[in-house]
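Q: below are the sequence and a predicted model for it; my questions follow.
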Amino acid sequence: MSILRDAKRTLMPIYAGLKHVFLKPYTIKWPYENIPNLPDEGYRFDPKAGIGYPGSKGRHLLYMEKCTGCGSCDLTCQNIAEAITMTYGFDVVTVLDEKCYEYFKEFRPEIVEALDAILSSFSAEPSCIQYNSLSSFFWTPTDVKQIIKVDGRYEIKLNLEPIFDVRAVEVLYQKVYPGVKKLKVTGWELGKLEAATESASVELSKQDLTVSVLVRKIDMGYKQNRRSFFPSVDYGRCVMCGFCVDACPFQALEMTNEFELSALSRRELIYTPSMLAKRPEEFNITGVPPELNVIERARMVFRRLVW
Amino acid sequence: MAKEEFKSLEVYETGPTLTFSMGPQHPGTGHFRMVITVVGDMVVRCDPDPGFVHRGEEKMCEYKTWITNIPHLERPAILDSAGMTYPYVLAVEKLMDIEPPERAKYLRVIMAELQRICSHLYWLGLMGVFAGHATMYMWCFGDREYLVDLTQLIGGQRITHSYFVPGGVRNDAPPKVPRELVKDFSRYYRMILGKDYPGGEMPEDFRKYVLAVCDFFDARLDEYYPMLLDSPIFIYRTKGIGILKREDAISLGVVGPVLRGSGVKSDTRIDEPYDAYPYIKFNVPTMDGCDSYSRMMVGYYEMKESVKIIRQAVEQMPEGPVKLKQHPVTIKVPAGEVFASAEAARGQCSFYIRSDGTDKPYRVKICSPSFRNLIAMPYLIRDVRIADIPIIYWSLNYWPVECDR
């Protein structure tokens, strides 16, 4: 009797498993196939009713026209993951006086090397990752956007995305100094440094030439947020708990169903307000690897399609 | 372990011994070390050495506010995040003297039971790996997807939802399920049960979907039985291995499936019912074998009971609000001290909280189930063969992170 029972016990797993050989596989071939289990909507919170709406807790979505820069999200996150930091947007302007501008028009090498160094500092890779330092990583190709004459001096605006950071002087130290320091070799001297939260400047001088680099806060022109003070999120730290969404009294923060947040460096995981304001469909950096050809892609989904 | 202790072990009555360390690499669930003394192939002594994943959760609680404590308290047991936060939330509610709305109680029960199944599936799946049965691992993780999807629909994330807050839950269950998910699921439903998905006119209805997942999972559990639990390979490896007698289990103070595997009918959900558990009928499975096999079977039958609980909770769940009206992040908790416990996946999890009336707890003491089951390990891993160590270790469902906190 016991032999029969053991024989049955031995054969039953084979039978139970064999049935599944003829069934369709469960596996989803992501990213070649869509993941069906994502809720379409993101997690939202209604401050009046005091209740959240169910949805996926993925990357945040920032409504810049609603955000007042109160910093409630930052305050809440300080206790959880310290991922959110309130930041200003900054612009970098190079200021030339009359004489330098004349030299600049003539493309004299003295002034060109100075401008070249300032421009090159923006396209350079950051030398190291500094924790708790928020800086946007998307540098557009640096060149001159426009030249304006203000009070007898010429302001050269660089063609940059706004740089988001906590203080203006941080932008100066991290973004401008690496290139400018190279100028010391050719006889340029770093002059006085004026540092404040909303603006910072440094003067460069060589003999009678003076060039100053000015970091200025951008006014984004939102009525409810005159300081242009917005949250940035570091997704290397964020745990996606969504309590910042709960804390926002103006419904300016939401979560989306975007979860593909991988990056090749930690700096790329810092999302600036202008990136957070984009919807996931506008700003989709992942998907099917483009380098794969049609046959390889077809092979990946073949198993699922056959049954 | 001190050097003198090592020396004392070197000469043992039975002959020359060998002392070596098992771990602290990942023995399956987290960083944990066992100092094992053997004579030939027989283990004569085992000294568990926890603490490799100590995170200072209790101290961290004193620096964070009442609500912002929730995300980090889930971390010790990520598969069973509801089980860890449940007693914390119950304790804070007791201290504030508030009661969550009826619907919130049922939603909490559904979430807790879903995560209990997820955790037990991990247990069963890895038991397959430890016993050399790879199919079970694949099956458990494949089926776990549908339950994780359900928790994602309710809580927003696959794991660590931060769903429970003092005064209710953070959001209601969604009214509808994504159409693609229903389409995908109905195919597997037909494959396993041999009949159509019972959607009717409203296939995307959340309630119907949950019931269908329950049916599906129940049918899958029936397939698990012949596959692993009734297979002779598994029985010969686990039956009679690691016997923890009923009296020993009680005197050592173990909890959860380990205690129930020794024939003691003890469950916080029945003994001190909380939230919606008094309104739900379910059994507490116990086994009298007292060995690894019995503990595994208790886990298996508990999953069946959890499915029963989810089914009842979804059918009985009333309409209404799910959260008391309060500030979403800052809550006031009066001074006092409180003790609350809930049944997590691995057993009774208890919290002792002391408040001095500020926005942060004064002291939080966590008594996690794995910490209480750890004491049984040196008693069980004795006079067994080295090959039996993984089986006994994992039959305790020991989770180092939860133990070290």
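A: Everything's here; your move.
Q: what about the nearest residue to A:K66 once chain neighbours are set aside, neighbour count?
A: Among residues not flanking A:K66 along the chain, A:A252 sits closest, at 3.9 Å (Cβ to Cβ, 6 or more residues apart in numbering or on different chains). Placement of C-beta: from N, CA and C, glycine included. Close neighbours of A:A252, defined as other Cβ atoms under 10 Å in any protein chain shown, add up to 23.
Q: may I ask you to name the longest helix in the chain?
A: No chain specified, so I'll use chain A. When chain A is parsed with DSSP state H, its longest helix is helix A:2-21.
Q: to clarify, I was referring to chain B.
A: helix B:102-130.
Q: counting by contacts, list what that one packs against.
A: helix B:81-96, helix B:134-155, strand B:168-169, helix B:206-224, helix B:292-316, helix B:389-395 (3 or more Cβ pairs under 8 Å, 6 or more residues apart in numbering or on different chains; DSSP states H and E).
Q: which residues does the residue nearest to B:C367 when sequence neighbours are not counted contact?
A: What sits nearest to B:C367 in space, not counting adjacent residues and going by Cβ to Cβ, 6+ apart, is B:S350, at 4.2 Å. Contacts for B:S350 (Cβ atoms under 8 Å, 6 or more residues apart in numbering or on different chains) come out as B:P87, B:F339, B:A340, B:S341, B:I366, B:C367.
Q: mind exporting the helix or strand where B:S350 lies as PDB, just the C-alpha atoms?
A: Per DSSP states H and E: B:S350 is located in strand B:347-355. Extracted in PDB, the C-alpha atoms of strand B:347-355 (Å, rounded to 0.1, in the frame of the first residue of the first chain):
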ATOM      1  CA  GLY B 347       3.900  35.900  14.000                       C
ATOM      2  CA  GLN B 348       2.900  38.300  16.600                       C
ATOM      3  CA  CYS B 349       4.500  41.700  16.200                       C
ATOM      4  CA  SER B 350       4.300  44.100  19.100                       C
ATOM      5  CA  PHE B 351       5.000  47.800  19.600                       C
ATOM      6  CA  TYR B 352       5.500  49.600  22.900                       C
ATOM      7  CA  ILE B 353       5.300  53.400  22.400                       C
ATOM      8  CA  ARG B 354       5.800  56.100  24.900                       C
ATOM      9  CA  SER B 355       4.800  59.600  24.000                       C
END
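Q: parallel or antiparallel, list what pairs with that strand.
A: Strand B:347-355 has these partner strands in its sheet, going by DSSP bridges: strand B:336-344 (antiparallel), strand B:361-367 (antiparallel).
Q: what angle separates it from helix B:81-96?
A: Inter-element angle recorded for strand B:347-355 and helix B:81-96: 40 degrees (by axes from the mean of the first three to the mean of the last three Cα atoms, to 10 degrees).
Q: any buried residues in strand B:347-355, and which?
A: By neighbour count on 16 or more other Cβ atoms under 10 Å in any protein chain shown, the buried set for strand B:347-355 is B:G347, B:Q348, B:C349, B:S350, B:F351, B:Y352, B:I353, B:S355.
Q: for the residue nearest to the last one when sequence neighbours are not counted, give its distance to chain A.
A: For B:S355, the nearest residue in space outside its immediate sequence neighbours is B:V333; the separation is 5.0 Å by Cβ to Cβ, 6+ apart. With distances taken as Cβ to the nearest Cβ, to the nearest Å, B:V333 is found 15 Å from chain A.
Q: what residues does the stretch 251-400 of chain B have near chain A?
A: Residues of the stretch 251-400 of chain B lying near chain A by Cβ under 8 Å from any Cβ of the partner chain: B:P321, B:V322, B:K323, B:K325, B:Q326, B:P328, B:V329.
Q: turn those residues into TSV, columns for neighbour count, pLDDT and secondary structure.
A: Below are these laid out as TSV (neighbours: other Cβ atoms under 10 Å in any protein chain shown; pLDDT from 0 to 100; DSSP: H, G, I helix; E, B strand; the rest coil):
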residue	neighbour count	pLDDT	secondary structure
B:P321	16	88	coil
B:V322	22	89	coil
B:K323	22	88	strand
B:K325	10	86	coil
B:Q326	17	86	coil
B:P328	22	84	coil
B:V329	20	86	coil
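Q: any idea which of those residues is closest to A:T186?
A: B:V329 (54.7 Å; Cβ to Cβ).
Q: wait, isn't that closest one in contact with A:A247?
A: Yes. Counting by Cβ atoms under 8 Å, A:A247 is a contact partner of B:V329 at 4.7 Å.
Q: overlap of the contact sets of those two?
A: A:S72, A:T76.
Q: and the residue nearest the centre of chain A, how far from chain B?
A: With distances taken as Cα atoms, centre = their mean, A:Y271 lies nearest the centre of chain A, 2.8 Å away. Counting by Cβ to the nearest Cβ, the gap from A:Y271 to chain B is 18 Å.
Q: show the buried residues in the contacts of B:S350.
A: B:P87, B:A340, B:S341, B:I366, B:C367.
Q: contacting residues for residue 162?
A: In the absence of a named chain, chain A is used. Per Cβ under 8 Å, 6+ apart, neighbours of A:P162: A:G89, A:F90, A:D91, A:S136, A:I218, A:T272, A:S274.
Q: correction: the question concerned chain B.
A: Applying Cβ under 8 Å, 6+ apart, we find B:S162 in contact with A:C241, A:G242, A:F243, B:I70, B:P71, B:E74, B:S81, B:T85, B:G155, B:R170.
Q: which of those are buried, as a PyMOL select command?
A: Only the buried members of the contacts of B:S162 enter the following PyMOL selection, criterion being 16+ other Cβ under 10 Å:
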select buried, (chain A and resi 241+242+243) or (chain B and resi 70+71+74+81+85+155+170)
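Q: want to throw the contacts of B:S162 into JSON lines with pLDDT and distance to A:I147?
A: Output for these, formatted as JSON lines (pLDDT from 0 to 100; distance: Cβ to Cβ, whole Å):
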{"residue": "A:C241", "pLDDT": "89", "distance to A:I147": "48"}
{"residue": "A:G242", "pLDDT": "88", "distance to A:I147": "46"}
{"residue": "A:F243", "pLDDT": "90", "distance to A:I147": "47"}
{"residue": "B:I70", "pLDDT": "91", "distance to A:I147": "54"}
{"residue": "B:P71", "pLDDT": "90", "distance to A:I147": "50"}
{"residue": "B:E74", "pLDDT": "89", "distance to A:I147": "55"}
{"residue": "B:S81", "pLDDT": "88", "distance to A:I147": "57"}
{"residue": "B:T85", "pLDDT": "91", "distance to A:I147": "59"}
{"residue": "B:G155", "pLDDT": "87", "distance to A:I147": "54"}
{"residue": "B:R170", "pLDDT": "89", "distance to A:I147": "53"}
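Q: for stretch B:57-74, list every residue counted as buried.
A: Buried, per 16+ other Cβ under 10 Å, within stretch B:57-74: B:57-58, B:61, B:64-74.
Q: can stretch A:22-37 be said to contact chain B?
A: Yes. Stretch A:22-37 comes into contact with chain B (Cβ under 8 Å from any Cβ), by way of A:L23, A:K24, A:Y26, A:N34, A:P36, A:N37.
Q: let me know the closest of those residues to A:Y154.
A: Distances from A:Y154 to the residues of stretch A:22-37 next to chain B, taken by Cβ to Cβ, are shortest for A:N34, at 53.5 Å.
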